[in-house]
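Student: pasting the sequence and the predicted model now:
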Amino acid sequence: MNSDLNDVFEWGQMNEDISSNEYLKLQLDKFAISTDMQIQNKLTSDLMLRYAEMSNMLEKNNKLLTKYNEQLEDMVDEKVKDISDLQMATIYSLVKLSESRDDDTGAHIIRTSTLCKVLAELLKGKQMYKQIIDDDFVENIFKASPLHDIGKVGIPDRILLKPGKLTYDEFEIMKTHVTIGYNTLKEVRDKFPNSLFLEMGMDIVKYHHEKWDGSGYPNGVSGRDISLPGRIIAIIDVYDALRSKRVYKEAYTHEESCSILKKGSGKHFDPFIVDVFLEYNETIKDIHYKLG
Ligand SMILES: [Fe+2]
C-alpha cells in the first residue's frame with residue numbers, strides 16, 4: 001500500500017493538472033501512513049526487545065530452578081542414604097549383639113549379606129528371574145539377610161555354645177530360633193506395616209532352614225513354596241558355614257564346599273540357584289576371600 005501511495009504521490013508531482021487539494025490529501029495520506037509505519041516499527045522493536053528481555057529472564061529462572069532441583073535431589077539422596085546407613089547400623093548392632101555369644105567378629109553377617117546380594121544380582125540376569133528380582137529386592141536381601149539367625153538370642157548358652165553334637169531334644173530347642181526370630185520381626189512389622197525390608201526379613205527367617213525336598217524345618221515346606229529369599233540364603237548360609245572353622249570342624253575349601261552344594265542340589269537346595277552359584281563360583285570365591 002505504501003508503495004502504491006508513493007506511486008500516486010510521484011504521479012501527483014509529475015501531473016500539473018492535479019488539484020492542490022488532491023495533492024495535499026495525497027501528501028497527508030503519505031504522512032499518515034509513514035507515521036503509522038514508524039509507530040508500528042517502534043512498537044515492534046519495543047515488543048521484540050521486551051520479548052528478548054523476558055526470554056532472557058525466563059532462561060535465567062529456568063537455570064536457577066534446575067539448579068535448585070538438583071540441589072534438592074542431592075539433599076534428598078543424602079538424607080535417604082543417612083537413613084539407610086542408620087538402618088544398616090541398627091541392624092548390624094542388633095544382629096552382632098545376638099550373635100556375640102558364638103561369633104564375636106561379625107564377619108559372618110557381612111559375608112552372608114554381601115553374598116546374598118551377589119547371588120540375587122546373578123539370578124536377576126537370568127531369564128527366569130528377570131521379572132521377579134528388581135533393584136529393591138537386591139537391596140532388601142542385602143539388608144535383611146543378616147537377620148536370619150536373630151532368634152538365636154532366645155537359645156540357651158548350653159545349647160548354642162555346645163561344642164559337640166546336639167541331642168535330639170537340644171536340636172528341637174535349637175530349631176525354635178526360627179519361630180522366635182520370625183515372631184520378633186512380625187511384631188516389629190505390625191508396627192511398620194509398609195516395610196518391604198521387614199517383610200523380606202520375616203521371609204528369610206521363616207524359610208532359611210527349609211529344604212527343597214520338604215525335609216527342612218520348621219514347617220517342612222518344599223520347592224518354590226519356600227520363598228525366593230529363603231532359597232537364596234539357604235545356599236549362602238550353608239556355603240559360609242562350610243567355609244568357616246568351628247570348634248567341631250575345620251574350614252572346608254571352596255571346591256569341597258561347592259561339591260557339597262552340588263550334592264544337595266534338588267534335595268536341600270533349589271537346583272536352579274545352585275547351578276547359577278556354581279556357574280559363577282569363581283566370582284563368589286573371590287568375594288568371599290576378600291571379605292575375610
Ligand atoms: Fe538358622
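Tutor: Thanks, I have it.

Student: and the next helix or strand past the longest helix along the chain?
Tutor: In the chain, with assignment by DSSP state H, the single longest helix is helix 20-99. Using DSSP states H and E, the next helix or strand after helix 20-99 towards the C-terminus is helix 107-124.

Student: could you list the buried residues of that following helix?
Tutor: By 16 or more other C-beta atoms under 10 Å, the buried positions in helix 107-124 come out as 108-109, 111-124. Placement of C-beta: from N, CA and C, glycine included.

Student: identify the farthest-apart pair in these.
Tutor: 108 and 124 (24.2 Å; C-beta to C-beta).

Student: which residues are in contact with residue 230?
Tutor: 203, 204, 206, 207, 208, 210 (C-beta atoms under 8 Å, 6 or more residues apart in numbering).

Student: okay, those residues in TSV with distance to residue 23, pLDDT and secondary structure next?
Tutor: TSV is the format used below for the contacts of residue 230 (distance: C-beta to C-beta, whole Å; pLDDT from 0 to 100; DSSP: H, G, I helix; E, B strand; the rest coil):
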residue	distance to residue 23	pLDDT	secondary structure
203	101	95	helix
204	103	96	helix
206	107	97	helix
207	106	97	helix
208	108	97	coil
210	110	98	coil
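
Student: quick one: which of the residues you listed is nearest residue 74?
Tutor: residue 204 (32.8 Å).

Student: that older thread, for PyMOL, what selects the buried ones among the contacts of residue 230?
Tutor: Buried residues within the contacts of residue 230, by 16+ other C-beta under 10 Å, are selected in PyMOL with:
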select buried, resi 203+204+206+207+208+210
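
Student: closest one of the contacts of residue 230 to residue 183?
Tutor: Nearest to residue 183, judged by C-beta to C-beta, of those is residue 206 at 10.1 Å.

Student: what's the closest non-adjacent residue to the closest one?
Tutor: Spatially, and ignoring its direct neighbours in sequence, residue 206 is nearest to residue 182 (4.9 Å; C-beta to C-beta, 6 or more residues apart in numbering).

Student: now do residue 291
Tutor: In space, residue 291 is closest to residue 111, 4.8 Å off (C-beta to C-beta, 6+ apart).

Student: do you know how far the one you found is from residue 132?
Tutor: Distance, residue 111 to residue 132, by C-beta to C-beta, to the nearest Å: 24 Å.

Student: now residue 37
Tutor: 73 Å.

Student: and for residue 287?
Tutor: Relative to residue 132, residue 287 is positioned 23 Å away (C-beta to C-beta).

Student: the two: which has the busier surroundings?
Tutor: residue 287 (15 against 11; other C-beta atoms under 10 Å).

Student: now do the contacts for that one.
Tutor: 114, 115, 118.

Student: mind running it again at 10 Å?
Tutor: Going by C-beta atoms under 10 Å, 6 or more residues apart in numbering, residue 287 touches 111, 114, 115, 117, 118, 280.

Student: the fifth one contacts residue 281, correct?
Tutor: In this case it means residue 118. No: if you go by C-beta atoms under 10 Å, residue 118 and residue 281 don't touch, sitting 11.3 Å apart.

Student: identify the contacts common to these two.
Tutor: Once C-beta under 10 Å, 6+ apart is applied, the residues that residue 118 and residue 281 both contact turn out to be residue 288.

Student: which residues touch residue 171?
Tutor: 159, 165, 217.

Student: now it: how far from residue 217?
Tutor: Counting by C-beta to C-beta - residue 171 and residue 217 are separated by 9 Å.

Student: what's the answer for residue 128, then?
Tutor: Residue 128 is 27 Å from residue 217, by C-beta to C-beta.

Student: next: residue 71.
Tutor: Taken as C-beta to C-beta, the span from residue 71 to residue 217 is 53 Å.
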